[in-house]
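# Give the three-dimensional model of this entry:
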Amino acid sequence: MKKKLLMTAVLSGALTLSSFGPFNVLAHDELGDVNVDKGDRAEYNDLAAEVLRGSKNLKYWHEVAAPEPNVVRADGKQNSFADVYAHKGFAYLGTHTKNGANGGVRVYDLKDPANPKEVAVFANNDIPGTWQEKVIVKSINTPDFKGDLAVVSVQQTNRANPDSKGGFLLYDVTDPYNPKKLGFSEVTKKTRGTHELYLTTQGNRAIVLTANPYADYYSHGEEKDFQIVDVSNPTQPKKLWEFDPRMLPEVADDFDGYFWKSPDGKTRPVFNHSTRVDGDYAYISMWDLGTIIFDISNPENPTYLGRTDFASHQQGSAHSSAVAKGGNILIETREVYQPLKPGYEKAFGYTRIFDIKDKKNPKLLSEFKTDLTTDIPDDATSSYSTFSRTVHDPKVHGNTLYLSHYAGGVIAVDITNPANPTEIGRYTPEKSDVWGVFVDRNYVLASDIGSGLKVLQKNNSGGNGNTGLQR
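Next up is the predicted model:
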């Protein structure tokens with residue numbers, strides 16, 4: 001096992017860019033150039049040389065494993081990596097687009113977190129010319145399926161490829177050593193596919209919420225950006241409901257293509273980037289329209305409740321969300337990678353925290369910024385653009401918020417008082433390019449775009465191991 005470790009400790013993708021189609025705007029994946037690997041962070045590797053800092057409630061955390069992924073491709077090449085998820089002691093690592101994509105999902109047995117064993121790869125040869133970024137695994141019990149179900153996002157690298165298609169795959173991973181394909185839910189080929197998604201249960205029913213960026217535009221209204229799909233029978237997914245931002249009265253009259261003429265006078269990009277569910281509520285990251293909240297207790301007929309909004313000087317870029325405090329607090333991360341965009345503040349993407357006890361009226365409590373988001377070179381020009389320093393994904397465990405931050409690694413934030421979030425830990429591996437973070441059992445997982453899975457664990461003896469999260 002290869003140890004790569006220069007960690008900071010106060011522990012706790014997205015595609016590169018080009019113009020595309022009718023939009024001359026940089027608005028993440030659909031407008032991005034998937035042929036350029038986003039894992040190149042050479043100019044920011046100095047971030048890994050920061051001194052160790054930390055907090056007593058993260059004392060003795062350290063990186064215990066950074067396993068080299070097995071090469072499973074016939075050509076001997078390796079893919080880059082995307083998000084990470086954990087379920088019942090197994091880690092599920094998605095893949096990005098390097099070397100033509102088709103990397104699938106890698107499964108690691110974490111019985112011994114210090115020695116993860118890669119035990120399976122699935123969804124890698126199902127649909128040519130696609131990449132498998134996001135995987136969610138949950139135990140479900142429906143009349144048609146009982147066991148552990150994995151849903152995997154599928155995105156096309158080239159929509160012109162007649163053999164590819166986008167949507168999401170469904171696998172039985174009750175035995176993680178032997179995943180079995182069950183079904184596929186397809187979204188219009190005119191778009192890239194399903195970017196992010198979420199699996200949840202309602203009684204004896206299982207549903208998937210999908211983010212299909214620009215589906216409405218490219219299908220001329222035949223399909224929508226946000227869809228709810230019943231997967232109670234994973235072999236026969238059934239679409240229940242769909243939504244597009246122009247369906248909101250406050251947006252409809254000022255929506256042109258995928259640009260919204262917002263009340264502050266700015267023309268803002270709007271598309272569905274991510275979905276998340278907590279109880280009966282769905283949180284939909286609609287970029288510059290903010291985080292939209294739905295009541296989905298009736299998934300065939302959800303009710304729109306409210307949304308977050310932005311100050312005129314802020315780029316929106318609502319990327320992902322998490323909830324805390326029993327569903328009363330919303331965490332919203334914003335993937336801003338053009339910190340010098342004319343007409344906006346000088347900053348990369350940072351995190352915002354809302355009181356959502358009244359879901360119809362989210363109230364901003366605080367904004368969490370770090371040196372990563374505000375430290376911009378004095379000689380930077382208006383063309384300065386990078387994903388390196390923006391926040392990416394959030395996860396919450398108790399009163400601790402974990403944020404993946406690309407070159408900044410993973411940052412842990414104390415949100416005991418959501419109005420006053422405080423950085424308490426930071427983990428920055430060598431050549432850091434951390435896409436995702438996940439907290440489970442007695443470990444924290446991180447996924448690095450270039451090098452794969454990282455496992456952080458607590459050393460209760462307080463020994464001198466590879467220190468990562470401490471103060």
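
# Need the nearest residue in space to residue 116, chain neighbours excluded.
Among residues not flanking residue 116 along the chain, residue 108 sits closest, at 4.2 Å (CB to CB, 6 or more residues apart in numbering). Yep, even glycine has a C-beta here, placed from its N, CA and C like the rest.

# What of residue 196?
Closest to residue 196 by CB to CB, 6+ apart is residue 274, at 4.1 Å.

# so who does that neighbour touch?
The contact partners of residue 274, by CB atoms under 8 Å, 6 or more residues apart in numbering, come to 195-196, 211, 284-285, 319-321.

# From residue 425, how far out is it?
In this structure, residue 274 and residue 425 are 25 Å apart, going by CB to CB, to the nearest Å.

# Look up how far residue 438 lies from the residue nearest the centre of the chain.
In the chain, the centroid-proximal residue (CA atoms, centre = their mean) is residue 393; its distance is 4.9 Å. Relative to residue 438, residue 393 is positioned 9 Å away (CB to CB).

# now do residue 76
Counting by CB to CB, the gap from residue 76 to residue 438 is 29 Å.

# Between these two, which has more neighbouring residues?
A count of neighbours by other CB atoms under 10 Å puts residue 438 above the other of residue 76 and residue 438, at 21 against 8.

# For that one, report the pLDDT, please.
Listed pLDDT for residue 438 reads 97.

# isn't it right next to residue 84, touching?
Yes. With contact defined as CB atoms under 8 Å, residue 438 and residue 84 form a contacting pair (5.1 Å).

# Identify the contacts common to those two.
Counting by CB under 8 Å, 6+ apart, the shared contacts of residue 438 and residue 84 are 91, 445-446.

# So for stretch 272-290, mean pLDDT?
Stretch 272-290 shows a mean pLDDT of 97.

# Alpha carbons of that stretch, in CSV - could you do that?
Extracted C-alpha coordinates of stretch 272-290, given in CSV (Å, rounded to 0.1, in the frame of the first residue of the first chain):
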residue,chain,number,x,y,z
ASN,A,272,-30.2,21.1,-12.0
HIS,A,273,-26.8,20.0,-10.6
SER,A,274,-27.6,17.8,-7.6
THR,A,275,-30.4,16.2,-5.6
ARG,A,276,-30.8,15.1,-2.0
VAL,A,277,-33.5,13.8,0.3
ASP,A,278,-34.1,14.1,4.0
GLY,A,279,-37.4,12.6,5.2
ASP,A,280,-40.2,14.0,3.2
TYR,A,281,-38.2,16.8,1.8
ALA,A,282,-36.0,17.1,-1.4
TYR,A,283,-33.3,19.6,-1.8
ILE,A,284,-32.5,20.4,-5.5
SER,A,285,-29.3,22.4,-6.3
MET,A,286,-30.4,24.7,-9.2
TRP,A,287,-27.2,26.6,-9.6
ASP,A,288,-28.0,30.3,-9.7
LEU,A,289,-31.6,29.7,-8.7
GLY,A,290,-30.3,28.4,-5.4
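
# in it, what's buried?
272-278, 280-290 (16 or more other CB atoms under 10 Å).

# just stretch 394-402 next, same as before
394-396, 400-402.

# now do stretch 343-359
344, 347-356, 359.

# End to end on it, go ahead and measure it.
30 Å (CA to CA, to the nearest Å).

# how distant is that stretch from the center of its chain?
In terms of CA atoms, centre = their mean, to the nearest Å, the centre of stretch 343-359 is found 17 Å from the chain centre.

# Same check on stretch 239-257?
Distance of stretch 239-257 from the chain centroid (CA atoms, centre = their mean) equals 23 Å.

# Show residues contacting the strand or helix carrying the residue nearest to residue 116.
Using DSSP states H and E, residue 108 sits within strand 105-109. Residues outside strand 105-109 that contact it (CB under 8 Å, 6+ apart): 67, 69-70, 89-95, 116-124, 132, 135, 150, 152, 173, 176-177, 179, 452-453.

# Surely residue 99 is in a strand?
No. Counting by DSSP: H, G, I helix; E, B strand; the rest coil, residue 99 is not part of a strand but helix.

# secondary structure element for the nearest residue to it once chain neighbours are set aside?
Excluding its sequence neighbours, the residue lying closest to residue 99 (CB to CB, 6+ apart) is residue 77, at 4.3 Å. For residue 77, there is no helix or strand it lies in under DSSP H and E.

# again, but for residue 260
Using DSSP H and E, residue 260 sits in strand 259-261.

# re the thing from before, and the furthest pair within the contacts of residue 274?
195 and 321 (14.3 Å; CB to CB).

# Who has more neighbours out of the two?
A side-by-side neighbour count of residue 195 and residue 321, using other CB under 10 Å, places residue 195 first with 27 against 24.

# pLDDT (mean, whole number) over stretch 137-156?
For stretch 137-156, the per-residue pLDDT averages 98.

# Residue 372 should be in a strand, yeah?
No. According to three-state DSSP, residue 372 belongs to no strand; its state is helix.

# Quick check: which helices or strands does the following helix or strand past the strand holding residue 108 pack against?
Using DSSP H and E, the next helix or strand after strand 105-109 towards the C-terminus is strand 117-122. Helices and strands touching strand 117-122, by 3 or more CB pairs under 8 Å, 6 or more residues apart in numbering; DSSP states H and E, are strand 105-109.

# Just checking: what are the partner strands of the strand it packs on?
strand 90-95 (antiparallel), strand 117-122 (antiparallel) (DSSP bridges).

# Would you mind finding the most buried of these?
strand 90-95 (a mean of 27; mean count of other CB atoms under 10 Å).

# And the strands in the stretch 201-350 of the chain?
205-211, 226-230, 238-243, 255-256, 259-261, 267-269, 274-278, 281-285, 291-295, 303-307, 318-324, 329-334 (DSSP state E, counting those that start in this stretch).

# which residue packs closest to residue 363, ignoring adjacent ones?
residue 355 (4.5 Å).

# what sits against residue 305?
By CB under 8 Å, 6+ apart, residue 305 lies in contact with 281, 293-295, 359-360.

# Now render these as CSV, adding distance to residue 367.
Below are those laid out as CSV (distance: CB to CB, whole Å):
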residue, distance to residue 367
281, 23
293, 19
294, 24
295, 27
359, 20
360, 22
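
# List just the nearest of those to residue 379.
Distances from residue 379 to the contacts of residue 305, taken by CB to CB, are shortest for residue 293, at 41.5 Å.

# where does the closest residue to the closest one other than its chain neighbours sit relative to residue 270, distance-wise?
Counting by CB to CB, 6+ apart, residue 293 lies nearest to residue 305, which is 4.6 Å off, once chain neighbours are set aside. Noted for residue 305: a distance of 18 Å to residue 270, by CB to CB.

# Ok, residue 62 next?
42 Å.
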